[in-house]
Structures are given as C-alpha cells and as structure tokens.
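[1] with the sequence up front, the predicted model follows.
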Amino acid sequence: MPRRFLRPESGLTLIELLVTLAIVGLIAAFTTAAVNVAGEKRKSVQCLNQLRQLGVASLLYAADNDMTLPASAHQRSLGLQSWTLALQNYAGGKVVFRCPCDEDKTRAYTYVINDFLTPAPAGAPDLDFSRLASLERAGETVLFAEASKTYKNTDHFHFSDYRGQPVSADAFLSQVGTERHRGSANYLFADGRVESLTWKRVQARLRDPQDRFVDPTRGQTP
C-alpha cells in the first residue's frame, strides 16, 4: 500500500505572522514619514510664495511712494500707515500674513518687517533706509522674516538697537523663527528676492562684519 504524505499546513506560523506584521508596520511608518515630509515641504514652498507676494506688494507700494518701502506701526507718529494695512491694496486685498507652519494658530501675522528698513526706527532714529536708493546692496538685506514662536504683538523686529554691532545668535533667535521649516527659515530681501536659509548659514552671516543681512550699515566706510 503506497505511503501517504501529509500535506503541509497552508497557514502562517506564529513567527512568520509576527515578521509579516513587523514588515507591514515598517512600510506604514516609512509611508507616513514620507507623507509628512512632503506635506512640510509643500507648506514651506507655500510660505516662500506668500513672502514673494509680500515682496511684490512692497515694491509696488514703493513705486507709488517715491521708492520708499512700507512702514511699521512705530511710524504712525510720522503719519505713516503700518505695512499690514498699506500693502493690502497692492495685492488685491489678499496679502497673507501667516506661514502655514506657524506654531501659534491665533496671532495675526508670522511675517514681520526689519525695522532697519523703516524710517527713523526706534533704535536708530537718525537712519532712513526705507528709501531704496539708500540701500547700496538691497539684495543682501532682509526686509521680512518669520517671527519666532514667542515674538508676538508687533509688526516689526527690533534690530536697529544693534546698529553697527553684530546681532548675537540669542538675540536673533528670540525674534526670528530660524528653523520652522526642517532646520531652515524663509526670508524676503529688499529687492523682492526670497530664499530659504539654514540656521547655520544665517549664523555665519550674522558673524561676518561685512555682511548686511540685517543691518545695512555693516561694512560701510566711515
């Protein structure tokens, strides 16, 4: 009589099942991470585009105002209007003030103007770099940046107090959200250009005595 062979079990063993579940879990984790990274990248690009729109509005405003950049709330005593109001007409009433990655979901705006580029800033009232003609290298100086999580209730940075002196890393960090976009932040320069910069790159520029990243008076000959 022929010997009968037992058919192998068709189901998975416990070990095989555990291995399969682990693999599925890893795939799900990698997929979720990839989706999150893609989402963050998309928001970072959206932030850059919003800053670019702010730059276009600022330059259109300047063209109508003797090539003078918009002011901040500090200049209301001079009869000027804050950029948060003045620029709306130059973007069809659609200037977006907030980065989609801003941790604070309630504040009015993420983007804040560099007070060095406003007339008679509080820290250096004799200066007026709001006039584009006074900026030797407009493409090197930040006009708008992203406020840090704790820097609130003001439409302008307070950098002019450091006139001629380096802005320390701690002072910059207290005002600017330098790593909001996976270690980088977005910046709008006075010529309308936008750029994403790592915190490491920004620190190098802050240390350079010739760099006008924040202060347009740096590196000037007496």
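    Great, that's in hand.

[2] what's the following helix or strand after the biggest helix by length in the chain?
    The residue-count maximum for a helix in the chain (DSSP state H) belongs to helix 14-64. The helix or strand immediately downstream of helix 14-64 is helix 83-86, counting by DSSP states H and E.

[3] quick check: buried residues in that following helix?
    For helix 83-86, the neighbour count (16 or more other C-beta atoms under 10 Å) marks 83-84, 86 as buried. For every residue, glycine as well, the C-beta is placed using N, CA and C.

[4] got it, and stretch 153-169?
    Buried residues in stretch 153-169 (16+ other C-beta under 10 Å): 154-160, 162-163, 166-167.

[5] in stretch 51-63, which residues are buried?
    Across stretch 51-63, burial judged by 16+ other C-beta under 10 Å covers 51, 53-55, 57-59, 61-62.

[6] got a markdown table for these, with pLDDT too?
    As requested, these are exported to a markdown table (pLDDT from 0 to 100):
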| residue | pLDDT |
| --- | --- |
| L51 | 96 |
| Q53 | 93 |
| L54 | 95 |
| G55 | 95 |
| A57 | 95 |
| S58 | 96 |
| L59 | 96 |
| Y61 | 96 |
| A62 | 96 |
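
[7] return the member of these nearest to S174.
    L51 (20.9 Å; C-beta to C-beta).

[8] coming back round to it: what's the farthest-apart pair in the buried residues of stretch 153-169?
    Among those, D155 and P166 lie farthest apart (C-beta to C-beta), at 24.5 Å.

[9] what comes into contact with stretch 116-132?
    Contact with stretch 116-132 is made by 62, 66-69, 71-72, 74-75, 78, 80, 115, 134-135, 138, 141, 143, 156, 158-163, 190, 214-217, as judged by C-beta atoms under 8 Å, 6 or more residues apart in numbering.

[10] end to end, how far does that stretch reach?
    12 Å (C-alpha to C-alpha, to the nearest Å).

[11] what residue is smack in the middle of the protein?
    N186 (3.1 Å; C-alpha atoms, centre = their mean).

[12] phi, psi for it please.
    Dihedral angles of N186 (phi, psi; degrees, to the nearest 10) stand at phi -100, psi 140.

[13] ok, now which ones touch it?
    44, 47-48, 51, 99, 145-146, 180, 194-196.

[14] change it to 6 Å
    Residues near N186 by C-beta atoms under 6 Å, 6 or more residues apart in numbering: 47-48, 51, 196.

[15] any idea what it is bridged to?
    S196 (DSSP bridges).

[16] show the pLDDT at the nearest residue to L59 once chain neighbours are set aside.
    Nearest non-adjacent residue to L59, counting by C-beta to C-beta, 6 or more residues apart in numbering: G192, 5.3 Å away. The model reports G192 with a pLDDT of 95.
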